[in-house]
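Trainee: next one to model:
(one chain, ligands or ions: 2)
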Amino acid sequence: MATLARAVNVPKSPGILRRHCFGILVPGALALRRPAPAVPVNPLPIQFVRDDPGIANCRRRNGCKRITANHGPCGCEPPASLTELGPNSQELGLAAKPLDYYYGHRDFLDHFFFVKSHIFKLGPNIRPYSTRALDQHRNQTSATSVSSFPRICASRKSAPLLPEPGVSAPNTPVSVPTCTRMPSEDFDGDENIRAQSPPKMEYSNTQEQQVQVQQVQQSYLPYYQPPRVSNLLQYTNRPQRSSTSYFARARMVSMAPGSVNRTSLHPHGVQPREHTEIEQELHDKAHIDYDRVAIIQHPSVAALYEDALVYETGTAITSSGALTAYSGEKTGRSPQDKRIVEEPGSKDEIWWGPVNKPMSPEVWRINRERAVDYLNTRNRIYVVDGFAGWDVRYRINVRVVCARAYHALFMRNMLIRPKPEELVHFEPHYTIYNAGSFPANRFTTGMTSSTSVALNFAEKEMVILGTEYAGEMKKGIFTVLFYEMPVKHNVLTLHSSANEGKNGDVTLFFGLSGTGKTTLSADPNRALIGDDEHCWTDTGVFNIEGGCYAKCVGLSAEKEPDIYNAIRFGSVLENVVFNPETREVDYDDVTLTENTRCAYPIEYIPNVKIPCISDHHPKNLILLTCDASGILPPVSKLTPETVSYHFISGYTSKMAGTEQGVSEPTATFSACFGQPFLALHPMRYAKMLAEKIQQHGADAWLINTGWTGQSQSTGGKRCPLKYTRAILDAIHSGELAQVEYENYPIFNLSIPKSCPGVPEAILNPRGVWKSSDEDYLESAKALAIKFQENFKKYQDGCTKEVIAAGPQI
Ligand SMILES: Nc1ncnc2c1ncn2[C@@H]1O[C@H](COP(=O)(O)OP(=O)(O)O)[C@@H](O)[C@H]1O
Ligand SMILES: C=C(OP(=O)(O)O)C(=O)O
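Mentor: Ligands and ions are numbered 1, 2, ... in the order given. I've put the predicted structure just below:
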C-alpha cells in the first residue's frame with residue numbers, strides 16, 4: 001500500500017475543489033466529494049461531527065491542508081470505531097507508511113477516507129456537505145461544536161447521499177432535488193473543475209484489497225458519462241442560474257480536455273493529479289495556495305498567447321504574429337523604487353546610495369507577503385524557469401512566478417530556455433515574484449510610492465509590486481549578476497551587447513539604454529552573441545540572456561531588417577499602437593510611450609551564435625554614448641586610460657521613456673554605462689575592466705550615436721544609423737585603425753580624419769556645427785565641466801593618468 005494514493009493518482013490536497021464541491025463531515029476531517037445521484041435510502045442523521053480547529057487554522061493561515069505526523073491538524077485520530085463512519089464503512093487497512101494527506105480527488109473520496117495511515121471505505125450514511133457551509137460554521141463557532149452542525153446541515157438537507165458502493169445507479173438521471181447551488185456557484189468562473197471519471201485503480205497491493213477496489217470501481221461506472229462536445233456548448237450557452245441535472249453537470253465538467261478555450265475551465269484539465277515539485281516548493285517557500293490557484297508551469301508560447309488574449313486587457317496578435325501587450329501606467333523602469341534588502345551577507349559589498357537604497361528585512365517581508373497574497377487571489381499564476389548565463393560554470397537558475405501571461409512569455413523569451421530534461425527537478429537559485437499589477441502599500445515604513453522593485457541577496461528573491469513593466473524582471477536579474485559574478489567568481493559583468501566576426505574576433509558594445517547596443521550588435525556580417533548583458537570571464541565572453549529586448553520606436557524593415565523580422569509569433573511587443581483592423585503596428589506612434597519594445601528569443605536573429613558564448617577575449621571595445629549636446633565626435637580611438645575614464649564616467653543621455661519620468665534625452669553620467677544596475681561600487685568593475693584590457697590588449701573606441709551639428713534641443717540631427725554602421729564596419733575591417741588621426745581639443749580625444757563610407761565633415765563636430773564658433777566653444781566647455789565635476793567622486797580611486805585622460809579646459 002506504500003503509495004496507495006499515488007497509485008490511484010490522487011492529488012495531495014483537494015483544495016483545488018474546495019469552493020466547488022461538497023464535503024463530507026467526518027470526525028476530525030473534511031473530505032470532499034462531488035454531488036452524487038440521490039438514492040432511495042432513508043437519510044440517517046449525522047452521527048459524527050467534530051470540527052477540528054486545526055484544519056481551520058491551518059487552512060486560514062496558508063491554505064495548507066496536508067496532514068503529516070507533525071504538520072497540520074495532525075491531532076486527529078482515526079475514528080474510534082467503524083460505526084463512527086457509518087454502517088457499512090470498512091477499514092481497508094493501513095497504509096504502509098503514514099499518508100501525508102487525507103484529502104484527495106473527489107471521486108476517490110467518494111469511497112475512501114484517510115485518517116493518518118488508516119484507510120476506510122465509506123458507508124452510505126455520510127452526508128455530503130457544502131464546504132461553504134462548513135466555512136460558515138467555522139466563522140460562527142471558534143471552538144469545537146457538534147451541536148451546530150446539524151443545523152447547518154439541515155439547510156443543506158437536499159444534498160444527495162452517497163450511494164453505497166455496489167448499489168446500482170438509478171436508470172434515469174436524477175436531478176438534485178431542491179439544490180440551490182447552481183453551476184455558477186459550483187463551478188464558478190474558469191477554474192476548479194475536475195472530471196467525474198472513475199478513479200484509476202492501479203493497486204499493487206494484496207489481492208483482497210484489489211478485489212475491494214475493483215468492486216468500488218465497478219459500482220462507479222454507471223455514473224460516468226464520457227465527454228461530449230455538445231454538452232459543453234450547451235453548458236456554456238445556458239443562463240448561469242438555470243438548474244442543471246447532476247448528469248449534465250458531470251458531462252459538462254468532463255469536457256475540459258477536449259477544449260482549448262479554457263476561458264471557463266480549469267487549465268489543468270480534468271485528471272486528478274499529485275502536486276508537482278514546483279507546486280510543492282511554491283507552497284512551502286511562499287505559501288502559494290496551490291489548490292486554489294492554478295499554477296501553470298512552463299507554459300507553451302501558444303498557451304500564453306491564449307491566456308494573454310483572454311485575460312489581459314490590451315493584448316492582441318499583430319499582423320506579423322507577435323503578441324502585443326500593454327504594461328499599464330508604467331512603461332519604463334522605476335529606478336527610484338528599486339531597493340536592496342540590507343542584510344549581513346551582502347551589506348558590506350553593496351554600493352549604497354541613490355542607486356541601491358536599503359530596504360529593511362521587515363519591509364521586505366511585508367512586501368513579499370503582499371505579493372504572495374496578491375498571487376493567491378489569482379485564478380492562475382505562471383511559473384517560468386530558465387537560466388541566466390550561457391556559461392554553465394556560472395549560470396544562475398531563475399524561476400519567475402507571475403500573474404500575467406505577458407510577463408511569463410517575456411521572461412520565457414529573455415531567459416535561456418532549458419531543455420525539457422533540464423526542467424525536471426529544476427532548482428531555482430533566484431526566484432522573482434512578480435505581482436506588478438498590485439500596488440505596494442505606500443504607508444509601509446520606508447516606502448515612498450506604490451511601486452516596489454526589491455532584491456534580497458540573502459533570500460535570493462526579487463519581489464515586484466506596482467509596476468507591470470516587464471523590463472524590471474530582466475534588469476533585476478542583471479543586478480543579481482552584477483553582484484554574484486564579481487563577488488563569487490571574479491567575473492566581470494557588463495552592460496553591453498556582443499557579436500563575433502567570422503574569424504572569431506569579439507566586439508563588446510557598452511552603452512546605457514537607447515545608445516544602440518541592440519541595433520548595432522545585430523549585424524548581418526557578424527554573429528550575434530547578445531544584445532544587452534554579458535560577462536567577461538577568464539576564457540572569453542558569455543551572454544546572460546536567451547533573448548533580446550529591442551526598442552521599436554521608428555523601427556523599419558529597411559533600417560533594421562533583423563530586428564523587424566524577429567517580431568513574429570512568440571515575440572512580445574510592448575505598448576505599441578496598431579491598427580485595430582489590419583493589426584499593422586505603427587512603430588512611429590509613441591502615443592503610449594517612446595519606449596516601445598519587443599522581446600524575442602535570440603534565435604530569431606538570423607546569424608546568432610548558439611550557445612551565446614565565445615571563447616575569445618574581446619578584440620574591440622565600443623563605448624556607445626548618445627550625446628544630446630552634439631559635442632562628442634561620432635568616433636574616437638581610446639587609449640587604455642581614456643577607456644577607464646569614459647567607462648567610469650558613463651556619459652550619455654537618458655533616452656525618453658526607458659525610465660519613468662524621462663520624457664526627452666537628458667544628459668547623465670551613468671557609471672560603467674549601467675549605473676542603475678550596479679550592485680557594487682563602479683570602481684570595482686572599472687578596475688576589473690582595466691586589468692582585462694591590459695591582459696588581453698583590446699582596442700577601444702568611443703562612438704557617439706547621438707546628435708550632430710547642434711544639440712538635440714537646438715536643431716541637431718541624430719547621427720544617421722548608416723554612418724554609425726559604416727564606422728563599425730571600418731573598425732572591424734581594420735581600416736579605421738590605419739587612417740590618420742587628429743586631436744579633438746578640450747576632450748582629449750583622438751579622432752580619425754577619414755572613415756570609409758562616412759562624410760569626412762561629420763567626423764569633427766566643430767566642422768558641422770551649425771551656429772557660431774563661440775556657441776560651439778561654450779557648449780563644449782559646459783560639457784567638459786560636467787565631466788570634471790562628475791569625475792571628482794571617483795578620482796581618489798584612479799591613477800593620475802586616468803584622471804588626465806578626461807577633458808581639460
Ligand atoms: N546612429 C545610431 N546608432 C544606433 N542607434 C540609432 C542611431 N540612430 C538612431 N538610432 C536608434 O536608437 C535606438 C537605439 O536603441 P537600442 O539599440 O535598443 O539601444 P540599447 O540596446 O542600447 O538600449 C534605436 O531605436 C535605433 O533605431
Ligand atoms: C531594458 C533596459 O535596457 P536597454 O534599453 O539597454 O535594453 C532598461 O534600461 O530598462
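Trainee: quick check: nearest residue in space to residue 809, chain neighbours excluded?
Mentor: Spatial nearest neighbour of residue 809, chain neighbours left out: residue 784 (5.3 Å); criterion: C-beta to C-beta, 6 or more residues apart in numbering. From N, CA and C alone the C-beta is placed, and that goes for glycine too.
Trainee: ok, the one you found touching residue 747?
Mentor: Yes. Checked against C-beta atoms under 8 Å, the pair residue 784 and residue 747 is within contact range at 6.7 Å.
Trainee: between those two, which has more neighbouring residues?
Mentor: Between residue 784 and residue 747, counted using other C-beta atoms under 10 Å, residue 747 has the larger neighbour count: 23 against 19.
Trainee: excluding chain neighbours, what is closest to residue 451?
Mentor: residue 466 (3.6 Å).
Trainee: now do the contacts for the one you found.
Mentor: 330, 337, 436, 438, 439, 440, 449, 450, 451, 452 (C-beta atoms under 8 Å, 6 or more residues apart in numbering).
Trainee: inside strands: which ones of those?
Mentor: residue 452 (DSSP state E).
Trainee: out of the contacts of residue 466, flag the one nearest to ligand 2.
Mentor: Distances from ligand 2 to these, taken as C-beta to the nearest ligand atom, are shortest for residue 330 (11.1 Å).
Trainee: and that closest one, its phi and psi?
Mentor: Residue 330 adopts backbone torsions of phi -90, psi 120, taken as degrees, to the nearest 10.
Trainee: that's a helix at residue 374, yeah?
Mentor: Yes. Assessed with DSSP: H, G, I helix; E, B strand; the rest coil, residue 374 lies in a helix.
Trainee: sorry, back to before: against ligand 1, how distant is the residue nearest to residue 451?
Mentor: 24 Å (C-beta to the nearest ligand atom, to the nearest Å).
Trainee: against residue 439, how distant is that residue?
Mentor: Distance of residue 466 to residue 439, given as C-beta to C-beta, to the nearest Å: 4 Å.
Trainee: hey, what's in contact with both of these two?
Mentor: Going by C-beta under 8 Å, 6+ apart, residues that sit against residue 466 and also against residue 439 are 450, 451.
Trainee: circling back: out of the contacts of residue 466, which end up buried?
Mentor: Among the contacts of residue 466, the ones that count as buried by 16 or more other C-beta atoms under 10 Å are 330, 337, 436, 438, 439, 440, 451, 452.
Trainee: show me the two of the residues you listed that sit farthest apart.
Mentor: The span of the buried ones among the contacts of residue 466, defined through C-beta to C-beta, is set by 337 and 438 at 14.1 Å.
Trainee: for whatever residue of the stretch 251-400 of the chain ends up closest to ligand 2, give the beta-bridge partners.
Mentor: For the stretch 251-400 of the chain, the residue closest to ligand 2 is residue 333, as judged by C-beta to the nearest ligand atom, at 4.3 Å. Judged by DSSP bridges, the bridge partners of residue 333 are residue 659.
Trainee: residues in contact with it?
Mentor: With contact taken as C-beta under 8 Å, 6+ apart, residue 333 is in contact with 469, 471, 472, 475, 658, 659, 660, 676.
Trainee: grab the nearest non-local neighbour of the second one.
Mentor: Read that as residue 471. residue 333 (5.7 Å).
Trainee: so what's that neighbour scoring on pLDDT?
Mentor: Residue 333 carries a pLDDT value of 96.
Trainee: ranking helices and strands of this protein by mean pLDDT, which lands last?
Mentor: Least confident helix or strand of the chain, by mean pLDDT, DSSP states H and E, is helix 148-155 with a mean of 24.
Trainee: how about the residue of the stretch 701-809 of the chain found nearest ligand 2, phi and psi?
Mentor: Ligand 2 sits closest to residue 705 of the stretch 701-809 of the chain, with a gap of 12.7 Å, by C-beta to the nearest ligand atom. Main-chain torsions, residue 705, degrees, to the nearest 10: phi -90, psi 10.
Trainee: find the nearest non-adjacent residue to it, please.
Mentor: The nearest residue in space to residue 705 (C-beta to C-beta, 6+ apart) is residue 516, at 4.4 Å.
Trainee: what of residue 795?
Mentor: residue 803 (5.2 Å).
Trainee: residues making contact with the host helix or strand of that neighbour?
Mentor: Using DSSP states H and E, residue 803 sits in helix 800-804. Here helix 800-804 makes contact (C-beta under 8 Å, 6+ apart) with 641, 644, 645, 648, 748, 791, 795.
Trainee: many thanks, we can stop here.
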